[in-house]
Every structure is written in structure tokens, then in C-alpha cells.
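Enquirer: Fold the following, please.
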Amino acid sequence: MINQLSLDHANMARMLHVLDLKYRVLQQGERPNFHLMREVVDYILSYMEDFAVSLEQGFVEQLKEYVPEHSEVAEQMLADYRKLRPRLEALSDDIDMVLMDNILPMDRFADDLKQYLEAHREYLRQEREELFPLLETRFDAKGTEFFEQTMPSNADKKIEHLKEAYPELYAELEEADVPPLD
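Expert: So this is what the prediction gives:
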């Protein structure tokens, strides 16, 4: 289970890295590949919808039962995670505007993208430094059973779907040399 969470964590870091590369293109005054950005944003939104929110909610409930002294931190992290989605949806709307050739201030878009990336990376850092160690050290087999049932059993199919549905994104992810999250 920790391996699956770590893999999901690494995949999300890759997605954020791809968006960061597009942000850097914006910073240089050039036009990034907004179609690729659309693919990344769609993938992250789909991930949040299908899997992450239910896992996060269940995780907070499990923490309350097993390690109540850490539940407040987990609840705050869940609240932070929930704040990511509206930010990402706003970016999605802005990308749609650009793809429909509507006028959008690129400096505002770049600032919004930067703030989203910083917030999501901070969440991943907290997850890696605070939540993963709790899972490893404080949960027994019964406690992790919930998470194993919540985990998608078709992860390989999701990767195949990614290859088919988002070929450009998949190619970029394969090439991405993702720096460690600090």
C-alpha cells in the first residue's frame, strides 16, 4: 500500500513538473503548449475526482481512530488538498479560454499557475514528510486494510489509458527528469 501511495505521489510530482516546465516557458515570454497543459490538468482533476478525495477523507477518519493526536494535522492537510481543486479548475477554465483564442492576461495566468504549483508541491511535501511516516510506523495490517480496499486495483489499466488518451503527456512524462520536492 505504501508503495502504491509512493508511486501516486511520484506520478503527481511528474505532472507538476510538466506544468512547471510550461510555467518557465511563460516566464520567458513564449507561448507554452496549452494542449499539453490541458492534458495535465485534465489528468490531475480526474485523479482528484476518482481516487484521491475518497482516500484522503478515509485517511483522516483512520487517523482519528489510530492516532488521534495527529488527526488535526491530517484535517488541515485535507482542507489544503480540497483548496487545490478550485485553483486547478480556475486554471482549467483559463486554459480553455486560451485554446478558444480568447484574450487572457498571461502574467495573471502565470501567477495563478505558480501559486497552484507551490500549493500542490507543499501538500506533497507534507504528505511525504508527515503522513507517509505515520502509515509506515503507526498503522497495523487492520488499519491499512481500508487503504488497500480504496486503492485502485487497475493501476496498469490507468497507465495504458494515459498512453492512449494523452499520448503527448505520456511521452513528456517518460522524458521528465523530476527534481526532488523540497
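Enquirer: Only alpha carbons, please: show the helix or strand containing residue 123 as PDB.
Expert: Using DSSP states H and E, residue 123 falls within helix 106-126. Coordinates of the C-alpha atoms in helix 106-126 are reproduced here as PDB (Å, rounded to 0.1, in the frame of the first residue of the first chain):
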ATOM      1  CA  MET A 106      -0.700  35.800 -19.400                       C
ATOM      2  CA  ASP A 107       1.000  37.400 -16.400                       C
ATOM      3  CA  ARG A 108      -2.100  36.700 -14.300                       C
ATOM      4  CA  PHE A 109      -2.300  33.200 -15.700                       C
ATOM      5  CA  ALA A 110       1.400  32.600 -14.900                       C
ATOM      6  CA  ASP A 111       0.900  33.900 -11.400                       C
ATOM      7  CA  ASP A 112      -2.100  31.700 -10.800                       C
ATOM      8  CA  LEU A 113      -0.200  28.700 -12.200                       C
ATOM      9  CA  LYS A 114       2.800  29.400 -10.000                       C
ATOM     10  CA  GLN A 115       0.700  29.700  -6.900                       C
ATOM     11  CA  TYR A 116      -1.100  26.400  -7.700                       C
ATOM     12  CA  LEU A 117       2.200  24.600  -8.300                       C
ATOM     13  CA  GLU A 118       3.600  25.900  -5.000                       C
ATOM     14  CA  ALA A 119       0.500  24.900  -3.000                       C
ATOM     15  CA  HIS A 120       0.400  21.400  -4.600                       C
ATOM     16  CA  ARG A 121       4.100  20.900  -4.000                       C
ATOM     17  CA  GLU A 122       3.700  21.900  -0.400                       C
ATOM     18  CA  TYR A 123       0.900  19.400   0.000                       C
ATOM     19  CA  LEU A 124       3.100  16.700  -1.500                       C
ATOM     20  CA  ARG A 125       5.900  17.600   0.800                       C
ATOM     21  CA  GLN A 126       3.700  17.400   3.900                       C
END
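Enquirer: Can we start the residue count at 5 from this point?
Expert: Sure thing, new numbering starts at 5, so read that last one as helix 110-130.
Enquirer: Residues contacting it from elsewhere in the structure, which ones?
Expert: 13, 16-17, 20, 23-24, 26-27, 30-31, 81, 84-85, 87-88, 91-92, 94-95, 98, 102, 185-186 (CB atoms under 8 Å, 6 or more residues apart in numbering). (Each C-beta comes from the backbone N, C-alpha and C, glycine too.)
Enquirer: Out of the residues you listed, which sit inside helices?
Expert: 13, 16-17, 20, 23-24, 26-27, 30-31, 81, 84-85, 87-88, 91-92, 94-95, 98, 102 (DSSP state H).
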